[in-house]
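# quick one, fold the following:
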Amino acid sequence: MRAKSVFGRQRYNLFRNLDLETAGEMQKSHAIIAGGAIRSVFAGEYISDYDLYFDTKEDLKVMQKYLDENFKVAFTSPNAISYKKDKICIQLIVMPELIGLGCDGLLAGFDFTVCMGAFSMKEDRFYHDEDFLIDLSEKRLIFNIKAKYPIASMYRVLKYIKKGYKISGLEIVKISLSIHNLKMETYRDLRQQLMGIDTLFLKELTDNLLSPDKENLEYDFDGFVDIFNNYCYDKIDVAWEAE
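Sure thing, here's the model as predicted:
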């Protein structure tokens, strides 16, 4: 069950670092702010990153046009386009399967309850999982078994532990079982999962996995582990910085 709530102070803090024009364009495009920014605003942390989701491709194009004209593109991927201006980063989520889900649909696929929060610009209100606030207050990671990218979730545990969050052994088992349940038949399937990791240090590797001569090859676990180990050895400094 998702709750719809109005939190005046949190709403103010969500937008205090944005200029009025940018906030207005978010409103105009009916953007949905979800994930990290919502967690940060309720945790009392500084907000500089905004992940934006949309109900229609047309709404996405409205926001993209504004950002193209006023922000600098930081990086692009099949999943998202990231823009930066001063200390603000705005990321447009462009994955077709995530367009049109609405707040409830989006939150249903997020990995931890402490991330399961969203703000609808169209409705001017917050949505959140029923355990969002209590788990956030206790800095407790509870895994959602319906999460779309469990490999990314396993990696993200490191990020949250560094922020002071805790996770039980049972939750780790749940993530492991979800990973085991993935149906990865080709390297295209593997690439989709690896791209869920919220870091750029695997971009070169994942780009290579979608090359025309590899994307439809049958996924070979042992063979890929060798490739991955060699890649990480070459990128070890970048990998440690990412963690």
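# so, low pLDDT: which residues of this protein?
Scanning the chain for pLDDT under 70 picks out 1-6, 196-201, 210, 233-243.
# the strands in it, which residues?
For the chain, applying DSSP state E gives strands covering 2-5, 32-34, 49-53, 72-76, 80-85, 88-93, 117-120, 125-129.
# out of those, the one nearest Ile227 is which?
Ile227 lies closest to strand 72-76 among these, at 22.9 Å (CB to CB). Where you see a C-beta, it was placed from the backbone N, CA and C, and this is true even at glycine.
# mind giving me the domain split of the protein?
Following automatic domain parsing, one finds the domains of the chain at 2-137, 150-242.
# ok, which of those domains comes nearest Phe143?
domain 150-242 (4.8 Å).
# helices of this structure, start to end?
Taking DSSP state H to define them, one finds helices in the chain at 8-15, 20-28, 36-43, 57-70, 102-107, 132-137, 150-162, 169-180, 187-194, 203-209, 221-234, 236-242.
# would you reformat the strands of the chain as CSV and include mean neighbour count and distance to Pro150?
Below are the strands of the chain laid out as CSV (neighbours: other CB atoms under 10 Å; distance: least, CB to CB, whole Å):
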stretch, mean neighbour count, distance to Pro150
strand 2-5, 14, 21
strand 32-34, 26, 19
strand 49-53, 23, 19
strand 72-76, 12, 24
strand 80-85, 18, 19
strand 88-93, 20, 19
strand 117-120, 25, 20
strand 125-129, 22, 17
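# can I get the ones you listed in TSV with distance to Val157?
Shown next, in TSV, are the strands of the chain (distance: least, CB to CB, whole Å):
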stretch	distance to Val157
strand 2-5	24
strand 32-34	20
strand 49-53	19
strand 72-76	24
strand 80-85	21
strand 88-93	21
strand 117-120	19
strand 125-129	18
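# which ones are touching Ala23?
Taking CB atoms under 8 Å, 6 or more residues apart in numbering, we find Ala23 in contact with Phe15.
# for it, give its distance to Ile88.
Counting by CB to CB, to the nearest Å, the gap from Ala23 to Ile88 is 11 Å.
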